[in-house]
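J.: I need the structure of the sequence given here:
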Amino acid sequence: MKKIFISCMLLLSAAALSAQVELKTAAQAKLSAADVAVKIADRILAATTYEFKNTKTGETYKSVKNLPLDMNVRVACKYNNWHYTNGVTHIALMELANKTGEKKYDDYVLKNMNFVFNEGNLDFFKKQYDKAMKDGGWYGVRKLSWHMIFRGKRLDDNGPMGASLIDLQMKHPNKSFLNYINETADHLNYAEPRLEDGTIARIWPHVNTIWADDAFMAISFLARMAKMTGDKRYMDDAANQVVKYHKYLWCPEKQIFYHCYHTDNKEHGVAHWSRANGWVFMATADLLEVMPENHPLRAEVLECFKRQCSGVARYQGKNGLWHQLLDKEDSYEEITGTSMFVFGIARGVKHGWLHPDFIYVAEQGLKGMLSKISENGDVTTICVGTGIMPSLAYYYNRPTQVNDPMGEGPVLRALIEMMDAPKYTEIKAEHQYDKIVVSKK
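T.: Numbers count the residues shown, from 1 in each chain. Sure, this is the predicted structure:
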């Protein structure tokens with residue numbers, strides 16, 4: 001009897017804990033998009049340390065300028081690392097500053113980039129990089145902080161971070177920022193692997209594999225470069241990428257994108273991965289924002305955007321969220337793909353690119369997002385970084401994480417777009433009856 005009593009008490013305690021969790025979720029749902037965006041942003045600002053740490057001794061430093069070379073020194077805070085996910089987060093924070101007038105978010109991004117480029121820290125990590133490259137080659141440098149700045153061999157290294165620097169450069173001109181922007185432009189123009197028709201492709205996992213992810217990795221930079229410089233070549237290249245990605249990756253039967261296309265054996269990958277679809281959608285929305293109305297490819301780019309919107313809307317789940325694998329309801333609900341779709345739809349409706357009815361899809365997506373964000377601004381169900389694999393099991397079993405820039409940037413962008421999005425308004429049947437002409441026969 002005693003064992004039964006204890007078991008019952010444990011079950012009751014578990015039920016009470018579950019109820020508390022549900023109560024927190026219900027409380028979170030009452031917060032506005034603006035409230036939640038500020039909570040997430042302020043948490044990020046408070047968590048950023050601007051320190052370095054020796055992983056062997058535990059010693060911390062505010063600067064590594066003039067520090068003797070030590071291969072164990074790393075950037076202490078993930079928000080100070082050089083990674084494309086922080087590029088998306090920086091873009092989002094500058095958008096939040098523009099939307100709210102809160103200068104601290106803009107100042108934060110400027111401080112982050114000065115921490116990298118203008119406080120004497122970069123030379124230390126270049127020495128680390130050179131030594132690691134000499135001793136261990138490409139694999140050896142992967143362990144180092146800021147190695148992507150120097151590697152510059154893939155769009156993950158420089159695309160979104162370069163894009164965020166362009167946004168920053170247009171507000172706060174800086175020679176160091178501009179130098180890196182120009183280096184990234186040179187990489188995209190002359191070094192990035194491409195097919196004969198100009199489509200950006202990677203040389204792994206097969207030679208010349210087209211990744212849906214690279215739509216954003218490239219277009220985020222190209223569109224902003226076109227805006228900053230006025231050079232039509234960047235706009236043409238960005239538009240061409242959208243059109244070609246639809247050519248190679250679109251699945252007409254399911255009306256969504258495959259994660260990849262292998263040009264060597266002419267086969268698509270196995271997955272309709274949510275975040276991959278989101279990268280394309282968010283990139284196209286960014287491009288349309290700055291694309292001239294008279295650009296020869298604008299109509300085609302806009303048609304691609306509308307077609308994708310119509311496609312992904314059909315896969316939204318009952319909770320407003322999209323699944324890790326868009327066409328697999330038994331895969332988990334995931335917030336990054338969801339937020340990218342909400343972002344693109346909200347922006348598209350506001351600009352008149354999409355039918356106003358689609359804002360209902362974004363509103364339901366926002367509700368789903370808020371159910372995965374705590375009242376303190378903690379973002380959950382963020383799928384970890386995901387490459388391409390030839391098995392759906394890989395995508396099903398990708399772990400999730402909490403409070404990582406992989407998800408925080410896209411989530412912030414969606415919340416910001418929803419701050420001033422129009423509300424869904426249903427057209428009542430009785431309001432239309434007078435338009436029907438009744439036959440007098």
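J.: how many neighbouring residues does L392 have?
T.: 16 (other CB atoms under 10 Å). C-beta coordinates here come from the backbone N, C-alpha and C atoms, glycine included.
J.: for A271, see how far away it is.
T.: To A271, L392 is 6 Å away according to CB to CB, to the nearest Å.
J.: can you list residues touching both of the two?
T.: Residues touching both L392 and A271 (CB atoms under 8 Å, 6 or more residues apart in numbering): L325.
J.: in which helix or strand does T89 reside?
T.: Secondary structure assigned from DSSP states H and E places T89 in helix 84-100.
J.: now that helix - C-alpha only, CSV.
T.: What follows is helix 84-100, C-alpha atoms only, in CSV (Å, rounded to 0.1, in the frame of the first residue of the first chain):
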residue,chain,number,x,y,z
TYR,A,84,26.1,32.9,-40.2
THR,A,85,23.5,32.5,-37.5
ASN,A,86,24.8,35.6,-35.7
GLY,A,87,24.6,37.4,-39.0
VAL,A,88,20.8,36.7,-39.2
THR,A,89,20.5,37.8,-35.5
HIS,A,90,22.4,41.0,-36.2
ILE,A,91,20.1,41.7,-39.2
ALA,A,92,17.1,41.1,-36.9
LEU,A,93,18.3,43.4,-34.1
MET,A,94,19.0,46.2,-36.5
GLU,A,95,15.4,45.7,-37.9
LEU,A,96,14.1,45.9,-34.3
ALA,A,97,16.0,49.1,-33.7
ASN,A,98,14.4,50.6,-36.9
LYS,A,99,11.0,49.4,-35.9
THR,A,100,11.0,50.5,-32.2
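J.: quick one: mean pLDDT over that helix.
T.: What helix 84-100 shows for mean pLDDT is 98.
J.: got it, and stretch 425-437?
T.: 88.
J.: ok, now stretch 378-397?
T.: 98.
J.: got it, and stretch 234-246?
T.: The model assigns stretch 234-246 a mean pLDDT of 98.
J.: who touches that stretch?
T.: Outside stretch 234-246, the residues touching it (CB under 8 Å, 6+ apart) are 185, 188, 195, 197-200, 210, 212, 215, 218-219, 222-223, 225-226, 257, 280, 283-284, 287, 290-292, 295, 297-298, 300-301, 304, 307-308.
J.: next step: those restricted to strands.
T.: Of the positions in those, 210, 257 sit in strands, assigned by DSSP state E.
J.: buried ones among the contacts of stretch 234-246?
T.: 185, 188, 199-200, 210, 212, 215, 218-219, 222-223, 225-226, 257, 280, 283-284, 287, 291, 295, 297-298, 301, 304, 308 (16 or more other CB atoms under 10 Å).
J.: so of these, which ones are in helices?
T.: 185, 215, 218-219, 222-223, 225-226, 280, 283-284, 287, 298, 301, 304, 308 (DSSP state H).
J.: nearest to P410, of these?
T.: A283 (11.7 Å; CB to CB).
J.: show the low-confidence segments of the stretch 101-250 of the chain, by residue range.
T.: Scanning the stretch 101-250 of the chain for pLDDT under 70 picks out no residues.
J.: what about dumping the CA coordinates of the helix or strand just after the helix holding T89 to PDB?
T.: Moving toward the C-terminus from helix 84-100, the first helix or strand encountered (DSSP H and E) is helix 103-117. What follows is helix 103-117, C-alpha atoms only, in PDB (Å, rounded to 0.1, in the frame of the first residue of the first chain):
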ATOM      1  CA  LYS A 103      19.000  52.600 -30.400                       C
ATOM      2  CA  LYS A 104      20.500  50.100 -28.000                       C
ATOM      3  CA  TYR A 105      19.900  47.200 -30.500                       C
ATOM      4  CA  ASP A 106      21.800  49.000 -33.200                       C
ATOM      5  CA  ASP A 107      24.500  49.900 -30.800                       C
ATOM      6  CA  TYR A 108      24.800  46.300 -29.800                       C
ATOM      7  CA  VAL A 109      25.500  45.100 -33.300                       C
ATOM      8  CA  LEU A 110      28.100  47.900 -33.800                       C
ATOM      9  CA  LYS A 111      29.800  46.900 -30.500                       C
ATOM     10  CA  ASN A 112      29.900  43.300 -31.600                       C
ATOM     11  CA  MET A 113      31.500  44.100 -34.900                       C
ATOM     12  CA  ASN A 114      34.000  46.500 -33.300                       C
ATOM     13  CA  PHE A 115      34.900  43.800 -30.900                       C
ATOM     14  CA  VAL A 116      35.900  41.700 -33.800                       C
ATOM     15  CA  PHE A 117      37.500  44.200 -36.200                       C
END
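J.: what comes up buried for helix 103-117?
T.: So, applying 16+ other CB under 10 Å, buried residues of helix 103-117: 105-106, 108-110, 112-117.
J.: quick check: the two most widely separated of those residues?
T.: Y105 and F117 (19.3 Å).
J.: which strand or helix spans A414?
T.: With DSSP H and E as criterion, A414 is part of helix 405-419.
J.: so which bits of the helix or strand containing V38 are buried?
T.: Assigned by DSSP H and E, V38 belongs to helix 33-47. Judged by neighbour count using 16+ other CB under 10 Å, the buried positions of helix 33-47 are 33-41, 43-44.
J.: kindly report the same for stretch 67-81.
T.: 67, 70-71, 73-81.
J.: ok, stretch 136-149 next?
T.: Under 16+ other CB under 10 Å, the buried positions of stretch 136-149 are 140-141, 144-149.
J.: for stretch 169-176, same thing?
T.: 169, 174.
J.: how long is stretch 76-84 from one end to the other?
T.: 17 Å (CA to CA, to the nearest Å).
J.: which residues sit against it?
T.: 44, 47-53, 60, 75, 86, 89, 112, 115-116, 145-149, 155-157, 159-161, 217, 404-405.
J.: what about R314, neighbour count?
T.: Around R314 there are 12 residues (other CB under 10 Å).
J.: so it sits against Q255, correct?
T.: Yes. The pair R314 / Q255 is scored as a contact, 6.6 Å apart, by CB atoms under 8 Å.
J.: hmm, who's touching stretch 350-365?
T.: 288-289, 302, 305-306, 309, 313, 316, 320-322, 338-339, 341-342, 345-349, 414, 417-418, 420-425.
J.: oops, could you answer that again for stretch 326-336 instead?
T.: Contacts of stretch 326-336 (CB under 8 Å, 6+ apart): 254, 256, 272-275, 277-278, 312, 315, 317, 319, 321-325, 337, 368-369, 372-373, 379-383, 392, 395-396, 400, 406-407, 410-411.
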